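S.K.: What follows is a protein structure lacking sequence information:
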Ligand SMILES: O=P(O)(O)OP(=O)(O)OP(=O)(O)OC[C@H]1O[C@@H](n2cnc3c(O)ncnc32)[C@H](O)[C@@H]1O
Ligand SMILES: [Mg+2]
């Protein structure tokens, strides 16, 4: 079985391979058709669905997966949010959200000025390419949960739902 993931980000590819070890996993660049930095739960979820649909139609595949990171405000606090979507070749769509953790509120003006979280995280942590490594979740959990592990959980939720509903 062939699974196309709508990203070349290594944290997302690793998560897909960990949860579908028996399948061929191929990462391709697709458009999310939402902003580069989604800023609500709704937009982040939609980005994951758009990526999953674009992935499955980009190649002859059995499954398409989209994983999307975003930010959102809740009660005056800023959170990192994460969503995933899996589509099957018969058109079924499964969705799941991942962990949300709090980000520094000082990030809001920078995000509002159009910066992406990936760029803000590099300046904040003085590390390069945080988005392809531990991620914001890794930095702000003291490396207890990294971005790949967080997306692995989302992938488990997606696979589990697909298996349950196609029994
Ligand atoms: O190549 P893609 O798949 O697009 O991977 P990405 O790292 O850009 O990830 P997303 O598009 O899903 O995330 C949207 C934006 O939020 C940033 N982002 C999301 N989660 C992050 C995290 O845990 N650490 C650092 N940046 C993060 C990311 O770099 C983007 O600027
Ligand atoms: Mg991106």
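M.R.: Looks like it came in fine. For clarity, every value in this text was computed on a predicted model and none was experimentally measured. Ligands and ions are numbered 1, 2, ... in the order given.
S.K.: in terms of contact, does residue 97 touch residue 41 like I think?
M.R.: Yes - with contacts counted by CB atoms under 8 Å, residue 97 reaches residue 41, the gap being 7.4 Å. Where C-beta positions appear, they are placed from N, C-alpha and C, glycine not excepted.
S.K.: Give me the more crowded residue out of those two.
M.R.: Neighbour comparison, residue 97 and residue 41: the larger count goes to residue 41, with 18 against 15 (by other CB atoms under 10 Å).
S.K.: now the more buried one: how far from residue 34?
M.R.: Residue 41 sits 12 Å away from residue 34, going by CB to CB, to the nearest Å.
S.K.: anything in contact with each of residue 97 and residue 41?
M.R.: 81, 83 (CB atoms under 8 Å, 6 or more residues apart in numbering).
S.K.: residue boundaries of the strands in this structure?
M.R.: 2-5, 24-27, 63-74, 77-88, 93-97, 101-103 (DSSP state E).
S.K.: partners of the first one in the sheet?
M.R.: Okay, so that is strand 2-5. strand 24-27 (parallel), strand 63-74 (parallel) (DSSP bridges).
S.K.: quick one: is that strand near ligand 1?
M.R.: No - using CB under 6 Å from any ligand atom, strand 2-5 stays clear of ligand 1, coming no nearer than 8.6 Å.
S.K.: contacts for that strand?
M.R.: 12-13, 16, 20, 23-28, 55-56, 58-67.
S.K.: just checking: which of these also lie near ligand 1?
M.R.: Among those, ligand 1 is touched by residue 12 when using CB under 6 Å from any ligand atom.
S.K.: Just the buried residues from the contacts of strand 2-5, in PyMOL please.
M.R.: Typed into PyMOL, the line below selects the buried ones among those, using 16 or more other CB atoms under 10 Å:
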select buried, resi 12+13+16+20+25+26+27+28+55+56+61+63+64+65+66+67
